[in-house]
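**Q** Got a predicted structure plus its sequence, pasted below:
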Amino acid sequence: MSTAKDPTKIMAELLKSGAIMLAETCPVEGCYLPLFKLRTGEVVCPVHGKVHIVKTEEEAREIYARVYLLQVIEKLEVHALKTIENLLNAPDIDPTEYIKWLEVLERIQRLKSQLTPRSPS
């Protein structure tokens, strides 16, 4: 028995929640399922989740660069959190060291928020 949900059921749930079925299909090779536009404006595939629709090669490069940069920033965020955790467990650490790493974490989160598109309210 498969643990994955049936795409047809997911599509029905999307429609019930107010999503609009689009004429475009999922760009993932072999998928071919219709895309859905959520109330937030986000376009999703019932199987693969969020999909970026691009019209030009330049748009594709920009999205790829943003997604890649977000992945790098998330790795840095994990590293900063682990470092802060290690500092908490270390004896006799200068409090300014905590402050430095908390500032690094704050900058990382600021960068992440600038790269992540906000949903229209």
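**A** Received it, and whenever you're ready, just let me know what you need.
**Q** The longest helix along the chain packs against which elements?
**A** Longest helix in the chain, counting residues (DSSP state H): helix 57-89. With contacts defined as 3 or more CB pairs under 8 Å, 6 or more residues apart in numbering; DSSP states H and E, helix 57-89 has these neighbours: helix 95-115. (Glycine included, C-beta is placed from N, CA and C.)
**Q** quick one on the thing from earlier: buried residues in the longest helix of the chain?
**A** 73, 76, 77, 80, 84, 87 (16 or more other CB atoms under 10 Å).
**Q** Is the last one in contact with residue 98, as I believe?
**A** Right, the one you point to is residue 87. Yes: contact status for residue 87 versus residue 98: in contact at 5.9 Å, counting by CB atoms under 8 Å.
**Q** packing partners for whichever strand or helix holds residue 14?
**A** Secondary structure assignment for residue 14, by DSSP states H and E: helix 7-16. Applying 3+ CB pairs under 8 Å, 6+ apart, one finds that helix 7-16 contacts strand 20-25, strand 34-37.
**Q** which residues are in contact with that helix?
**A** The contact list for helix 7-16, computed with CB atoms under 8 Å, 6 or more residues apart in numbering, reads 21, 33, 34, 36, 38, 44, 46, 47.
**Q** switch the cut-off to 6 Å
**A** Applying CB atoms under 6 Å, 6 or more residues apart in numbering, the contact partners of helix 7-16 are 33, 36, 46, 47.
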